[in-house]
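J.: Structure of the sequence below:
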Amino acid sequence: MQAPSVGGVMLPRGNGETVRLSRGASLTDFAEKINANPASLVAVMMNLGEMVTATQSVSDETLQLLAGEMNYQVQIVSPEEEDRELLESFDIEFGEDEGGEEYLVARPPVVTVMGHVDHGKTRLLDAIRKTNVVAGEAGGITQHIGAYQVGTEVNGEERKITFIDTPGHEAFTAMRARGAKSTDIAILVVAANDGVMPQTIEALNHAKAAGVPIVVAVNKIDVEGADPVKVRGQLTEFGLVAEEYGGDTMFVDISAKQGLHIDSLLEAVVLTADASLDLRANPEQDAQGIAIEAHLDRGRGAVATVLVQRGTLRVGDTMVAGDAYGRVRAMLDDKGENVEEAGPSTPVLVLGLTNVPGAGDNFLVVDEDRTARQIAEKRAARERNAAFAKRTRRVSLEDLDKVLKAGLVQDLNIIIKGDASGAVEALESSLLQLDVGEEVDIRILHRGVGAVTESDIDLAMGSDAIVIGYNVRAAGRAAQMAEREGVDVRYYSVIYQAIEEIEAALKGMLKPEYEEVELGTAEIREVFRSSKLGNIAGVLIRSGEVKRNTKARLLRDGKVIAESLNIEGLRRFKDDVTEIREGFEGGINLGNFNDIKIDDVIATYEMREKPRG
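T.: Predicted structure coming up:
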């Protein structure tokens, strides 16, 4: 049955049959599936009031609209399903051990540490590793993901455990969930003095959803108010019943700070794995696994931390990780030493990839470089199409409240660039989960590792996007280009701050910006000593006016000697006054600050709210 013609061209009309299309497909892709001319589909879209070119990636909604008009059903294929079909076309099975039972050998358990913020996850990992990773990290949290292996003795036998070190805050629910999926066992850290908190429950739910056994580490038993028994009682309500209460969950009381009972915790992990899991893999097949973290290294290019899940990865293998591929030039273990091969459950840092894969991307070893390149290119094209399908209008955080109220925009488009893919993914998933009502959607148009580039600014210009730089800055001419084109680029070093600002903007509550306004300067002509008030400066007001209870800084020979001082006392002759104007003399008391000398300059200022243009 034919549909009415459009512009003289007869269109095929469906009988409600289903057409499978990938996310970000074009009208040409649709036309191929139904044996139609792409130009006629462009004409149909024009009749529906949408200007779309034949090769342009379009959104899921547009595909549904077009299909409905022509009596077809559209099924958008999930990225996972599409990837599986792609690998099957190369005769590759991902996620399966090859061969029978006789090929399988025991492998170490892979563990993720979960729990509420500040309950001691990073410190526990630190205690297990015996090195200090906490110092110097912005926000005091684990900003990057890594992985490492430790050994412990259980029943006289040396056993290994692999730890995945995920970002430390439960806001990163997607990372947390993915961490659990690549994980055999979850350690749930609960502080003995705090007990079960909201994010403890969130972490617990992720572990349960992923179907992994849980070992509970009751931390901070050395702290005042610690009550490990209460923690056991609270967790019983959530289905975690301690062994001593007749359940099957192992609870271990520890102090990560003091290093108490860490061995008992590791033993509990091994015993739980032995009791409830069959952890075996075939070490003889081509390696497969997951990329845990990746970043650009100045000297070594793209480097990725990968966890081998089955098979053995060797130097010289050709591998594909997400949309990156390459020959393994070198591998480093968690101590930074070169290794030639890595078996199941072994984390290694891989050098030799063409670009940076995403955290959580699967990796696999293939026979030929050509095959690797084709798989990577098809994955990259799919990602690109999906990203282009999301593109819409442009706005800045400051304008957002106004344009929302005017009904001019329903989407906040964001481009995220960061120093490592784990942090970028964590930030993306946190932003996508912000609950800001139905008026506005957040769309992540692009995310990547490395500096903010001119192409990022180009994409932002074309789609009214805000660019977020996490621990990276704009490179080359990108900064001038952004300023010239009015693209809003924001830099952050702590993930929570970015999340809070975006959420505040979406709720129309962006905190006011303040700027420093100079009020007046006073030159010290004399210093008077007072047993009661300390040193008092006899001054001549050189410019503006000096007011009591304003902020001040002290300059000596043009250099700042002290900041954030307070004008606590102000006198003219014997009278207390609230201000002294330019050209007049008076006395200034800077409170407890007494390091003042003749010829020093006191500059006073106040912070005023900046009007938003």
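
J.: When you work out contacts or count neighbours from here on, use the C-alpha atoms and nothing else.
T.: OK.

J.: For E606, give me the backbone phi and psi.
T.: E606 adopts backbone torsions of phi -140, psi 160, taken as degrees, to the nearest 10.

J.: So which bits of stretch 371-386 are buried?
T.: 371-373, 375-377, 379, 382-386 (16 or more other C-alpha atoms under 10 Å).

J.: which regions of the chain sit below the pLDDT cut-off?
T.: Within the chain, the stretches with pLDDT under 70 are 1-12, 79-80, 95, 130-145, 166-181, 387-411, 435-440, 507-513, 611-613.

J.: longest helix anywhere in it?
T.: helix 369-389 (DSSP state H).

J.: picking that back up, closest one to I76 out of the buried residues of stretch 371-386, please.
T.: A386 (11.2 Å; C-alpha to C-alpha).

J.: State the distance from the closest one to D29.
T.: Going from A386 to D29 by C-alpha to C-alpha, to the nearest Å gives 14 Å.

J.: ditto for L431
T.: L431 is 31 Å from D29, by C-alpha to C-alpha.

J.: So the two - more neighbours on which side?
T.: L431 (21 against 16; other C-alpha atoms under 10 Å).

J.: So that one lies in a strand, does it not?
T.: No - under DSSP: H, G, I helix; E, B strand; the rest coil, L431 sits outside any strand and is assigned helix.

J.: need the contact list for it.
T.: Contacts for L431 (C-alpha atoms under 8 Å, 6 or more residues apart in numbering) come out as 442, 499, 502.

J.: Could I get those residues in JSON lines, plus columns for distance to G311?
T.: Converted to JSON lines, those look like this (distance: C-alpha to C-alpha, whole Å):
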{"residue": "I442", "distance to G311": "40"}
{"residue": "I499", "distance to G311": "39"}
{"residue": "I502", "distance to G311": "43"}
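
J.: still on that earlier bit, which strands and helices lie in contact with the longest helix of the chain?
T.: helix 79-89, strand 318-321, strand 324-332, strand 441-449 (3 or more C-alpha pairs under 8 Å, 6 or more residues apart in numbering; DSSP states H and E).

J.: Show me what it is in contact with.
T.: With C-alpha under 8 Å, 6+ apart, helix 369-389 has contacts from 22-25, 57-60, 83, 86-87, 90, 318-327, 366, 444-446.

J.: Show me the beta-bridge partners of V111.
T.: Judged by DSSP bridges, the bridge partners of V111 are F163, I185.

J.: before we move on, what about the one 4 residues further on?
T.: Beta-bridge partners of G115, counted by DSSP bridges, are V189.

J.: Would you confirm that it contacts A186?
T.: No - between G115 and A186 there is no contact under C-alpha atoms under 8 Å: 9.8 Å.

J.: Grab the longest strand from this structure for me.
T.: In the chain, with assignment by DSSP state E, the single longest strand is strand 514-530.

J.: Just want the angle from whichever helix or strand comes after that strand to strand 514-530.
T.: Moving toward the C-terminus from strand 514-530, the next helix or strand (DSSP states H and E) is strand 534-547. Between strand 534-547 and strand 514-530, the angle comes out at 140 degrees (axes from the mean of the first three to the mean of the last three C-alpha atoms, to 10 degrees).

J.: So in that sheet, which strands flank strand 534-547, and in what orientation?
T.: Sheet pairing for strand 534-547, assigned by DSSP bridges, gives strand 514-530 (antiparallel), strand 579-581 (antiparallel), strand 585-589 (antiparallel).

J.: List the neighbouring strands of whichever helix or strand comes after that strand plus their orientation.
T.: Remark: after strand 534-547, the chain's next helix or strand is strand 551-556, criterion DSSP H and E. According to DSSP bridges, strand 551-556 has the following sheet partners: strand 559-566 (antiparallel), strand 601-609 (antiparallel).

J.: Check the ones you listed for me and report the most buried one.
T.: strand 601-609 (a mean of 19; mean count of other C-alpha atoms under 10 Å).

J.: Distance from the chain centre to it, please.
T.: 37 Å (C-alpha atoms, centre = their mean, to the nearest Å).

J.: do the same with stretch 594-611
T.: 40 Å.

J.: How about stretch 602-613?
T.: On the basis of C-alpha atoms, centre = their mean, stretch 602-613 is displaced by 33 Å from the centre of the chain it belongs to.

J.: Correct me if wrong: V113 contacts V190.
T.: No - V113 lies out of contact with V190 (C-alpha under 8 Å); the separation is 10.8 Å.

J.: residue ranges of the strands in the stretch 1-150 of the chain, please?
T.: 2-6, 9-12, 18-22, 73-77, 105-106, 110-115, 146-154 (DSSP state E, counting those that start in this stretch).

J.: Include mean neighbour count when you put the ones you listed into CSV, please.
T.: Below are the strands of the stretch 1-150 of the chain laid out as CSV (neighbours: other C-alpha atoms under 10 Å):
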stretch, mean neighbour count
strand 2-6, 13
strand 9-12, 16
strand 18-22, 16
strand 73-77, 18
strand 105-106, 13
strand 110-115, 28
strand 146-154, 18
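
J.: closest to S255 out of those?
T.: Nearest to S255, of the strands of the stretch 1-150 of the chain and by C-alpha to C-alpha, is strand 110-115 at 14.9 Å.

J.: quick one: contacts of that closest one?
T.: For strand 110-115, contacts defined as C-alpha under 8 Å, 6+ apart pick out 121, 125, 161-166, 170, 176, 179-180, 182-190, 199-200, 203-204, 345.

J.: 6 Å instead, please
T.: Residues outside strand 110-115 that contact it (C-alpha atoms under 6 Å, 6 or more residues apart in numbering) are 162-164, 183-189, 200, 203.

J.: so can I have CSV of these showing neighbour count and distance to V215?
T.: Below are those laid out as CSV (neighbours: other C-alpha atoms under 10 Å; distance: C-alpha to C-alpha, whole Å):
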residue, neighbour count, distance to V215
T162, 22, 15
F163, 25, 14
I164, 22, 15
T183, 23, 13
D184, 24, 11
I185, 27, 7
A186, 28, 6
I187, 25, 5
L188, 24, 6
V189, 28, 9
T200, 21, 13
A203, 25, 13
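
J.: how much space between N155 and V269?
T.: N155 sits at a distance of 13 Å from V269 (criterion: C-alpha to C-alpha).

J.: And the two? Which one has more around it.
T.: Neighbours per residue, other C-alpha under 10 Å: of N155 and V269, the larger number sits with V269, 25 against 8.

J.: Please identify which helix or strand holds that one.
T.: Assigned by DSSP H and E, V269 falls in helix 262-276.

J.: in its sheet, what does the helix or strand just after that helix sit against?
T.: Note on helix 262-276: by DSSP H and E, the next helix or strand toward the C-terminus is strand 280-281. Here strand 280-281 is paired, per DSSP bridges, with strand 105-106 (antiparallel).

J.: quick one on the thing from earlier: closest one to L66 out of the contacts of L431, please.
T.: I442 (24.5 Å).

J.: Which residue is the nearest non-sequential neighbour of the closest one?
T.: Leaving out its chain neighbours, the residue that sits closest to I442 by C-alpha to C-alpha, 6 or more residues apart in numbering is L412, at 4.8 Å.
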